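Student: starting from these lines, generate the structure:
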Amino acid sequence: MAPPPDAPRIYLSPPHVGAEERALLLDAFDSNWIAPLGPHVDAFEREFADVVGVPFAAALSSGTAALHLALELLGVGPDDDVLCATFTFAATANAIVYRGANPVFVDSDASWTIDPDLVAEELERASRAGKLPKAVIAVDLYGQCADYDRLRTSCDRYQIPIIEDAAEALGATYKGRPAGGMGTMGVFSFNGNKIITTSGGGMLVSEREDWIARARFLATQARDKAPHYQHSSIGYNYRLSNLLAAVGRGQLRNLDARVKARRANFAFYQWLLAGRPGVSLMPEAEYGNANRWLTCITIDPSVARTSREELRLAFEAANIESRPVWKPMHLQPVFEYARTVGGNAAKRFFDDGLALPSGSSLSDADRERIASVLTANLSG
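Tutor: Below you'll find the model as predicted:
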């Protein structure tokens, strides 16, 4: 079914901004605090820490920068191993390589997140071999937390720190606790497609004030306290600007509404797809509440009337954006050298998985257009 000639494009997860963000941005602009740092950065860090229930936070230029600094703070360096979920966006694994370390990719369980049993098996194997990894990066995939109690059981046994990559999970919970506070450090992203955005930005959170202070120091080019420019460490230009922090403060005030809207999108798809053979939605783990950043489905082409790719192309023909779920890291050409633990589950999710339009500003008219494509292309 062709869309009307003037039908606007429906995007997968577009930014959703409003009057509060505009007012705070103009306040920052009028104050002339344009460059990195300023009162809105300080306030954003405090307010964000309160929301995620972790006392200390550093506002950074991206979630990738936060991952990089987290690994540096843990002393990860050349030839170290870091266990990492294979089912994730490349930034998670790239940060390991920035430190000269080796990613070891671990498969998913039924929750789509990193499999705690495989982590335990790999830690036991590494202990016998005499080379334990320096860290484990768990990813809260598509807004669903990994199972941190089970992960900590094995990681604590070997004193391995956990970095929680909560880039997609702001507003989700694990056993009643906000995402981001389950690991040694937590990482968030405010990219334009995330549940809240500063157009580009990230946050590193931790219970340890000294780590966050060190992260801020490294993120501002590691400039020593001196009247001249003096550097005793290699630093980075990783701090968030005052302008973008102002936008983030406005976005954060509407976080609950954004999560509610995303979960409502999931409920709509759940209702629409009920009873359609060969179609399954990403499950919600019993231990928490996902923010449903993106609603994802898998399609069994042997049962459904279509395949993942055929449905994606049908959406595209209707000027609607959908996207295959993350291609696992162990299948990426750049990481073909890396050790992988398991991998079949993540590969299956990728082969059959599609992310559906999930923006918090999705309208009833948008849903009607989406529904027409789904009903025309799926059995039921």
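Student: could you pull out the helices in the chain for me?
Tutor: 19-31, 39-52, 63-73, 90-98, 116-129, 148-158, 209-219, 242-253, 255-273, 308-317, 344-352, 364-377 (DSSP state H).
Student: check what contacts the second one and list those residues.
Tutor: Residues external to helix 39-52 that are found in contact with it (CB atoms under 8 Å, 6 or more residues apart in numbering): 24, 27-28, 31, 33, 55-59, 170, 178-181, 186, 188, 203, 205, 239-243, 245-246, 248-249, 252, 255. Where C-beta positions appear, they are placed from N, C-alpha and C, glycine not excepted.
Student: from these, keep the buried residues only.
Tutor: Buried members of the contacts of helix 39-52, scored by 16 or more other CB atoms under 10 Å, are 24, 27-28, 33, 56-59, 170, 178-181, 186, 188, 203, 205, 239-243, 245-246, 248-249, 252, 255.
Student: ok, and the closest non-adjacent residue to Y287?
Tutor: In space, and not counting its chain neighbours, Y287 is closest to K175: 5.5 Å by CB to CB, 6 or more residues apart in numbering.
Student: what's near enough to touch R263?
Tutor: Contacts for R263 (CB under 8 Å, 6+ apart) come out as 290-292.
Student: contacts for stretch 238-247?
Tutor: Outside stretch 238-247, the residues that reach it (CB under 8 Å, 6+ apart) are 17, 21, 24-25, 27-29, 31, 33-41, 43-44, 59-62, 65, 68-69, 190, 197-202, 216, 218-220, 248.
Student: and if you look at stretch 215-225?
Tutor: Outside stretch 215-225, the residues within contact range by CB under 8 Å, 6+ apart are 36-37, 58, 60-61, 65-66, 69-70, 72-73, 204, 229-239.
Student: for PyMOL, what selects the buried ones among these?
Tutor: To isolate the buried members of the contacts of stretch 215-225 in PyMOL, using 16+ other CB under 10 Å:
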select buried, resi 36+37+58+60+61+65+66+69+70+72+73+204+236+238+239
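Student: where are the low-confidence patches of the stretch 51-200 of the chain?
Tutor: For the stretch 51-200 of the chain, no stretch has pLDDT under 70.
Student: near L362, how many other residues are there?
Tutor: 22 (other CB atoms under 10 Å).
Student: for S360, which non-adjacent residue is closest in space?
Tutor: In space, and not counting its chain neighbours, S360 is closest to A261: 3.8 Å by CB to CB, 6+ apart.
Student: and if you look at I10?
Tutor: Among residues not flanking I10 along the chain, I320 sits closest, at 4.5 Å (CB to CB, 6+ apart).
Student: local confidence estimate at the one you found?
Tutor: With respect to pLDDT, I320 scores 98.
Student: so what's it up against?
Tutor: 3, 9-10, 357, 369-370, 373.
Student: same question for G77.
Tutor: By CB under 8 Å, 6+ apart, G77 lies in contact with 99-101.
Student: for it, what are phi and psi?
Tutor: phi -150, psi -170 (degrees, to the nearest 10).
Student: and what of D80?
Tutor: Torsion angles, degrees, to the nearest 10, at D80: phi -70, psi 150.
Student: how about it, what does it touch?
Tutor: Counted by CB under 8 Å, 6+ apart, D80 has contacts 99-102, 133-134.
Student: for K131, see how far away it is.
Tutor: 9 Å (CB to CB, to the nearest Å).
Student: I96 too?
Tutor: As judged by CB to CB, I96 and K131 stand 15 Å apart.
Student: phi, psi for the nearest residue to P161 once chain neighbours are set aside please.
Tutor: The shortest distance from P161 to any non-neighbouring residue, by CB to CB, 6+ apart, is to T184 (3.9 Å). With angles defined as degrees, to the nearest 10, T184 sits at phi -60, psi -40.
Student: redo the contacts of R263 as TSV? Include distance to L281, pLDDT and neighbour count.
Tutor: Shown next, in TSV, are the contacts of R263 (distance: CB to CB, whole Å; pLDDT from 0 to 100; neighbours: other CB atoms under 10 Å):
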residue	distance to L281	pLDDT	neighbour count
A290	11	98	27
N291	15	98	27
R292	10	98	28
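Student: and those, which is closest to E309?
Tutor: Distance to E309 across the contacts of R263 (CB to CB) is lowest for R292, with 23.5 Å.
Student: got a list of what the closest one touches?
Tutor: 142-143, 259, 262-263, 265-266, 358.
Student: change it to 6 Å
Tutor: By CB atoms under 6 Å, 6 or more residues apart in numbering, the contact set of R292 is 143, 262-263, 266.
Student: ok, the nearest residue to D109 once chain neighbours are set aside - contacts?
Tutor: Once flanking residues are discounted, D109 sits nearest to D115: 4.1 Å by CB to CB, 6+ apart. Shown in contact with D115 (CB under 6 Å, 6+ apart): 107-109.
Student: among these, which are located in strands?
Tutor: With strands taken from DSSP state E, there is no overlap with the contacts of D115.
Student: out of these, which is most surrounded?
Tutor: Within the contacts of D115, S108 tops the neighbour count with 26 neighbours, counted by other CB under 10 Å.
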